[in-house]
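Novice: what follows is a protein structure lacking sequence information:
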């Protein structure tokens, strides 16, 4: 049996995940009790639980899809832990690729890791690469939070004054303003854009199909973008709030279905064409 | 100054949060240690460092930015939970905002803190359970599923599908700052097509943040928020 599917690995992963689950349950109970102490309605608190659970389902399914996407290369256990603890759709695929590159694993995500040493190395790199936020959080969260609470109290009258002030045409463009409004989207666009650029013009190994840019990667990319934008516009125009959380998973699944359909209907030499190997 | 024996709810949340974050970090580190011990393999430190060197410039910087950016939006309890369970921008944050709007409470009020924590805790529990069920129940079929000849082309193209769908929303909302980094990365790839994802995304983030900062300073983003 493939070592990546062994029961012991599932148990190691299960123990880590159970701990994280217990933490969430602990915070949920404490916050619920505090809500009752503050006089918040039971129905209000229950609604928060129900709506959050429903809101989460489509995204959780797309996270599950990412786990499935990583399974051929890494088996189920590493992706399961990495996407249950700290993990993120974007970071984990990148981290897995970087780790495999570092251990000389050729073919990237398209080829299964069969050497236990590389497998363990990938687990180390993915864990240490992502865990820094947990190292700094205990030091930064409390002072930051206190500052925000104080700033919130001072900011309210200031905001009113700004609204009433005559427009002089010159807006103050501070570094703080940039960080608040644009730093995170810019970082995300850099991350997402790297994979999009690779799907357009990146090269892979000549002997491996699916790791380089080609006809199928472009079709999949375009379908994913067009379907997601169309659904987003549809949800906004028709005010279908329930559709919004499903836009990303539906766009992704339809794009993957498009890859299967076009792979089968296009002549083989076109379907398998990768311009740079 | 006399020490206040009656800690506020926020103080208690920070104490629980700090303890649980440190224990979560230890639990997380037990995972690769457990793998090494079970498989009886000890990967060379050089390989681990080489992999980390590709990630650290980006990921550790992103970690600092994320803690600074998200903490004000998530509240105290929500922050600790979100950073342990991940998927903040695409799940935990929208979920907390959704719940606070639904409950008609303000973020950074004690009511907002409570509702945000409830939303994020619920979201984390539901995600963890769905992933566990998905992996444990479907694990025996996952390999067959992903190796299936008919489905193989789809799984070979999962990255364009995932990042196309994920990117679409960002590109609509932030199209002004999207063109420059993508064009830079395409040019980089024309000359160095096999550049690893991690190096490329570092280039992408530098181009993206640098381009956006330039546009912001020039007033080209004034009407956007």
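Specialist: The structure has been received and is ready for your questions. Please read all numbers here as calculations on a predicted model, not as lab measurements.
Novice: distance from the chain centre to stretch A:46-59, please.
Specialist: Counting by C-alpha atoms, centre = their mean, to the nearest Å, stretch A:46-59 is centred 18 Å from the centre of its parent chain.
Novice: mind checking the SS state of the residue lying closest to residue A:211 once chain neighbours are set aside?
Specialist: Counting by C-beta to C-beta, 6 or more residues apart in numbering or on different chains, residue A:211 lies nearest to residue A:204, which is 3.2 Å off, once chain neighbours are set aside. Any C-beta I mention is one placed from the backbone N, CA and C, and that applies to glycine too. Secondary structure state of residue A:204, per DSSP: H, G, I helix; E, B strand; the rest coil, is coil.
Novice: what are the phi and psi values at residue A:204?
Specialist: Backbone torsions of residue A:204, given as degrees, to the nearest 10, read phi -120, psi -160.
Novice: list the contacts for it?
Specialist: A:107-108, A:110, A:210-213, A:274, A:276-277, B:194 (C-beta atoms under 8 Å, 6 or more residues apart in numbering or on different chains).
Novice: buried among those residues? Need that as a selection in PyMOL.
Specialist: A single PyMOL command selects the buried members of the contacts of residue A:204 (16 or more other C-beta atoms under 10 Å in any protein chain shown):
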select buried, chain A and resi 108+110+210+211+212+213+274+277
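Novice: what separates the residue nearest to residue A:211 from residue A:220, distance-wise?
Specialist: Per C-beta to C-beta, to the nearest Å, residue A:204 is found 15 Å from residue A:220.
Novice: need the contact list for residue B:47.
Specialist: The contact partners of residue B:47, by C-beta under 8 Å, 6+ apart, come to A:102-103, A:121.
Novice: where does the residue nearest to the spatial centre of chain B fall, phi/psi-wise?
Specialist: Nearest to the geometric centre of chain B sits residue B:87, at 4.5 Å (C-alpha atoms, centre = their mean). Residue B:87 adopts backbone torsions of phi 50, psi 50, taken as degrees, to the nearest 10.
Novice: so it touches residue A:84, yeah?
Specialist: No. At 9.7 Å, residue B:87 does not count as touching residue A:84 under the criterion of C-beta atoms under 8 Å.
Novice: so residue A:122: helix, strand or coil?
Specialist: What three-state DSSP gives for residue A:122 is helix.
Novice: does it touch residue A:100 like I think?
Specialist: Yes. With contact defined as C-beta under 8 Å, residue A:122 counts as touching residue A:100 (6.2 Å).
Novice: what about those two, which has more around it?
Specialist: Neighbour totals were compared for residue A:122 and residue A:100, and residue A:122 leads with 30 against 26 (other C-beta atoms under 10 Å in any protein chain shown).
Novice: contacting residues for residue B:184?
Specialist: B:203-204, B:207, B:211.
Novice: Three-state assignment for it, please.
Specialist: Under three-state DSSP, residue B:184 comes out as helix.
Novice: so what pLDDT did it get?
Specialist: We have a pLDDT of 94 for residue B:184.
Novice: break chain A into its domains for me.
Specialist: What the record gives for chain A is the domain set A:1-143, A:174-277, from automatic domain parsing.
Novice: can you pull the contacts of the residue lying closest to residue B:106 once chain neighbours are set aside?
Specialist: Nearest non-adjacent residue to residue B:106, counting by C-beta to C-beta, 6+ apart: residue B:112, 5.0 Å away. By C-beta under 8 Å, 6+ apart, the residues touching residue B:112 are B:75, B:100, B:105-106.
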